[in-house]
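*Asks:* everything below, folded, please.
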Amino acid sequence: MKNLAKKLCVFVLVCTLINANCLTSANGFSIGEEREVGEMLVFAVRSSFPLFNDPDIYQYINGLGQQVLKVAGPQYFDFRFSIINDKEFNAFSAFSGMIFFYAGLIEAMNSENELVAVMAHEIGHTVKRHLASSIEKGKVVGIGTLALALASLAMGGGVATQALLSGSMAANQSLGLHFSRLNENEADLLAYDWMKIMGRNPVAMEKMLETMRRITRYRSNKVPQYLLTHPEPEARLDYVDSLLIKDKEELSKFTKGDDFSFLRFKYRIMSLSHDASAFRSFLAEKIADPHSSQLNVMMAKYGLSQLDREESNFDSSLKLIEEVINAYPDKKILLDDKGVIEFAAGKTQNALKTLTKAYQENPGDLYAAFSLARVQLNLNNLTEAEKLLKIVVSEMPEYAQVYYELGNVKANQKKDGNSTYYLGKSYFYSGKTKLAKQMFKMAAEKKDTDVIFKNDALENIKTIDRVAKKL
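*Replies:* Alright, predicted model coming up:
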């Protein structure tokens with residue numbers, strides 16, 4: 001309940017911003033104002049939600065997002081795709097291109113195309129500005145109603161959350177934070193067309209909706225939050241089926257995609273979020289199932305390797321990852337996984353060799369770059385570590401952990417001011433704004449802080465103060 005109250009408080013504050021600064025008229029929710037609300041939401045999310053943001057997870061989910069956006073065309077917003085560490089079956093598009101997927105929804109998906117179907121649907125809502133339009137049309141008439149509804153939207157399931165949503169609905173029957181059938185049809189049609197252009201079989205949309213229907217029936221006493229904001233799955237399924245029937249001959253030419261990357265991503269998420277015992281049983285069933293494909297068996301072993309690493313069973317973890325590498329020697333990211341296990345096991349020189357090879361073979365691999373940087377830092381190779389970390393910063397400027405490691409580099413170089421600055425950046429992007437402000441003030445005052453860092457520290461203080469005033 002403590003976390004629930006915290007999240008509710010944050011979103012009440014965000015909604016206060018919407019009420020005070022954005023609803024200047026019945027039809028006044030502009031693109032610029034939506035961007036402003038998006039900035040507030042960024043701060044709210046960082047301080048309230050446990051997110052998965054390791055470089056490999058970030059690159060995978062945002063890479064898929066960029067594939068969809070490439071066919072969707074130019075957009076008003078810079079889209080962000082994030083994974084929330086929560087078992088609820090949920091996903092939602094918030095203001096200004098912020099799209100969230102819950103670990104529970106990732107777990108329920110069976111293929112990359114199903115995940116892309118959900119992603120494209122959520123992008124469709126943002127492209128059509130369905131949430132903003134609900135406000136523009138005056139459907140959300142009270143700040144209390146909007147606060148409760150947005151809080152329940154963001155927080156996922158649970159009895160308390162359902163009570164929040166029920167209360168907000170009771171307060172205003174015309175509440176617009178759930179999508180209408182027209183909204184759903186528009187988003188589904190966009191997703192359907194985009195998937196065809198991408199060469200992805202939109203039959204996955206049908207599979208995904210069937211999963212939603214099955215989950216709805218299974219949880220008859222607790223409707224998943226996704227279905228409260230995306231109602232009428234049966235109607236959506238009928239609509240998508242009609243599109244599939246129309247294009248039956250065309251779709252017969254689509255080939256099945258490669259789900260290696262998806263399954264690696266899915267099992268990485270599950271190893272970090274799922275109950276260890278239940279996850280191990282799930283993977284053992286996959287391996288024992290005589291109908292499982294080689295890919296499903298080997299990726300289940302990958303999942304076991306990740307689980308063993310989390311539980312410090314390093315010998316078993318390394319044995320399993322070697323087996324997966326032997327089965328898929330062309331999947332270079334498996335070298336990252338091996339090097340990370342070796343480093344965790346204290347086999348630093350082995351990790352250095354493995355991760356150096358991984359990074360040389362794929363210089364665009366941020367997971368390899370970040371993991372190799374940590375090994376170089378451990379070996380006190382500070383110049384190499386800093387070089388790699390700055391590459392990660394250039395591609396992931398909001399990744400808190402990379403600034404923490406840069407702070408360690410500067411501390412080892414006896415550059416206290418710069419180390420303090422980087423620690424402030426780490427706090428800033430972790431949502432710990434009070435601590436960030438303290439570190440930035442200290443960095444700005446220290447004589448050995450680089451001028452460029454002092455200036456940036458002062459700008460970040462201004463940003464924190466500006467947001468605090470609006471919240």
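*Asks:* so where does Ile83 fall, helix or strand?
*Replies:* Element membership of Ile83, judged by DSSP states H and E, is strand 80-84.
*Asks:* parallel or antiparallel, which strands does that strand pair with?
*Replies:* Strand pairing for strand 80-84, determined by DSSP bridges: strand 51-52 (antiparallel), strand 98-102 (parallel).
*Asks:* in the stretch 351-471 of the chain, where is pLDDT below threshold?
*Replies:* 470-471 (pLDDT under 70).
*Asks:* so who does Gln438 touch?
*Replies:* Applying Cβ atoms under 8 Å, 6 or more residues apart in numbering, one finds that Gln438 lies in contact with Gly424. Where C-beta positions appear, they are placed from N, C-alpha and C, glycine not excepted.
*Asks:* distance of it from Arg46?
*Replies:* Per Cβ to Cβ, to the nearest Å, Gln438 is found 17 Å from Arg46.
*Asks:* also Met205?
*Replies:* Taken as Cβ to Cβ, the span from Met205 to Arg46 is 32 Å.
*Asks:* who's more crowded, the two?
*Replies:* Neighbours were tallied for Met205 and for Arg46 using other Cβ atoms under 10 Å; the higher tally belongs to Met205 (28 against 18).
*Asks:* what's whichever strand or helix holds that one in contact with?
*Replies:* Using DSSP H and E, Met205 sits within helix 203-218. Residues from elsewhere that reach helix 203-218 (Cβ under 8 Å, 6+ apart): 89, 108-111, 113-114, 116-118, 121, 188, 191-192, 195, 223-224, 226-227, 233-234, 236-237, 240-241, 244, 251, 254.
*Asks:* repeat the analysis, applying 6 Å as the threshold.
*Replies:* 89, 108, 113-114, 117, 224, 227, 233, 236-237, 240 (Cβ atoms under 6 Å, 6 or more residues apart in numbering).
*Asks:* highest neighbour count among those?
*Replies:* Ala117 leads these on contacts (other Cβ under 10 Å) with 28 neighbours.
*Asks:* without its sequence neighbours, what residue ends up closest to that residue?
*Replies:* Nearest residue to Ala117, sequence neighbours excluded (Cβ to Cβ, 6 or more residues apart in numbering): Met205, at 4.3 Å.
*Asks:* do Glu311 as well
*Replies:* For Glu311, the closest residue by Cβ to Cβ, 6+ apart turns out to be Ala276, at 6.5 Å.
*Asks:* do Asn62 as well
*Replies:* Phe81 (5.1 Å).
*Asks:* per-residue pLDDT of the one you found, please?
*Replies:* For Phe81, the pLDDT comes out at 93.
*Asks:* can you check Phe89 too?
*Replies:* For Phe89, the predicted pLDDT is 84.
*Asks:* that one touches Ala103, doesn't it?
*Replies:* No. Between Phe89 and Ala103 there is no contact under Cβ atoms under 6 Å: 9.7 Å.
*Asks:* what is the rounded mean pLDDT of the helix or strand hosting Asp56?
*Replies:* Assigning secondary structure by DSSP H and E places Asp56 in helix 55-72. What helix 55-72 shows for mean pLDDT is 96.
*Asks:* just give me how far stretch 311-323 sits from the chain centre.
*Replies:* 27 Å (Cα atoms, centre = their mean, to the nearest Å).
*Asks:* OK, contacts around Ile391?
*Replies:* Neighbours of Ile391 in contact, by Cβ under 6 Å, 6+ apart: Ala369.
*Asks:* quick check: chain neighbours aside, which residue is closest to Glu384?
*Replies:* Gln376 (4.4 Å).
*Asks:* could you give the angle of the helix holding Asp56 to strand 80-84?
*Replies:* 140 degrees (axes from the mean of the first three to the mean of the last three Cα atoms, to 10 degrees).
*Asks:* could you dump helix 55-72 to CSV, C-alpha only?
*Replies:* Provided in CSV are the C-alpha atoms of helix 55-72 (Å, rounded to 0.1, in the frame of the first residue of the first chain):
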residue,chain,number,x,y,z
PRO,A,55,21.4,-1.9,-22.6
ASP,A,56,20.4,-5.2,-24.2
ILE,A,57,16.8,-4.8,-23.0
TYR,A,58,16.7,-1.1,-24.0
GLN,A,59,18.2,-1.8,-27.5
TYR,A,60,15.7,-4.7,-28.2
ILE,A,61,12.5,-3.0,-27.2
ASN,A,62,13.4,0.4,-28.7
GLY,A,63,14.8,-1.3,-31.8
LEU,A,64,11.4,-2.9,-32.4
GLY,A,65,9.7,0.5,-31.7
GLN,A,66,11.9,2.2,-34.3
GLN,A,67,11.0,-0.5,-36.9
VAL,A,68,7.3,0.4,-36.4
LEU,A,69,8.0,4.1,-36.4
LYS,A,70,9.9,3.8,-39.7
VAL,A,71,6.8,2.7,-41.5
ALA,A,72,4.5,5.0,-39.5
